[in-house]
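Trainee: coordinates only, sequence not included:
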């Protein structure tokens with residue numbers, strides 16, 4: 001599972017002069033309310049919005065994402081098959 005690294009997003013956006021969620025929304029085409037929730041860490045972007053963000057800031061999407069363990073995998077007993 002991957003999650004957006006919000007601190008990294010803010011850093012990349014800042015390098016382009018975008019210091020607010022509103023500025024990120026305007027540059028990327030992400031809905032303003034979604035941009036505010038993403039910028040605050042309240043929600044994760046869907047794949048389309050993650051790609052829009054990466055494309056707008058000319059970075060590989062993997063630059064903005066961190067790999068994290070899937071919580072569901074942690075809850076399954078050893079040897080359980082999906």
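Mentor: The structure has been received and is ready for your questions. Small disclaimer: the values here were computed from a predicted structure and weren't measured. Residues are numbered from 1 along each chain as shown.
Trainee: drop to CA atoms for contacts and neighbour counts, all remaining ones
Mentor: OK.
Trainee: would you confirm that residue 28 contacts residue 51?
Mentor: No. Using CA atoms under 8 Å as the test, residue 28 is too far from residue 51 to be in contact (9.3 Å).
Trainee: now do the contacts for the residue most central in space within the chain.
Mentor: The residue lying closest to the centre of the chain (CA atoms, centre = their mean) is residue 4, at 3.0 Å. Applying CA atoms under 8 Å, 6 or more residues apart in numbering to residue 4 gives the contacts 44, 45, 64, 65, 66.
Trainee: kindly indicate which of those residues lies nearest residue 8.
Mentor: The closest of these to residue 8 turns out to be residue 64 (CA to CA; 6.1 Å).
Trainee: that closest one: neighbour count?
Mentor: 22 (other CA atoms under 10 Å).
Trainee: pLDDT wise, what is it at?
Mentor: pLDDT for residue 64: 97.
Trainee: and the one helix or strand residue 23 maps to, how far out from the chain's middle?
Mentor: Using DSSP states H and E, residue 23 sits within helix 21-28. Centroid separation for helix 21-28 versus its chain: 14 Å, with CA atoms, centre = their mean, to the nearest Å.
Trainee: touching that helix from outside, list them.
Mentor: 13, 18, 30, 31, 32, 35, 36, 39, 52, 53, 55, 56.
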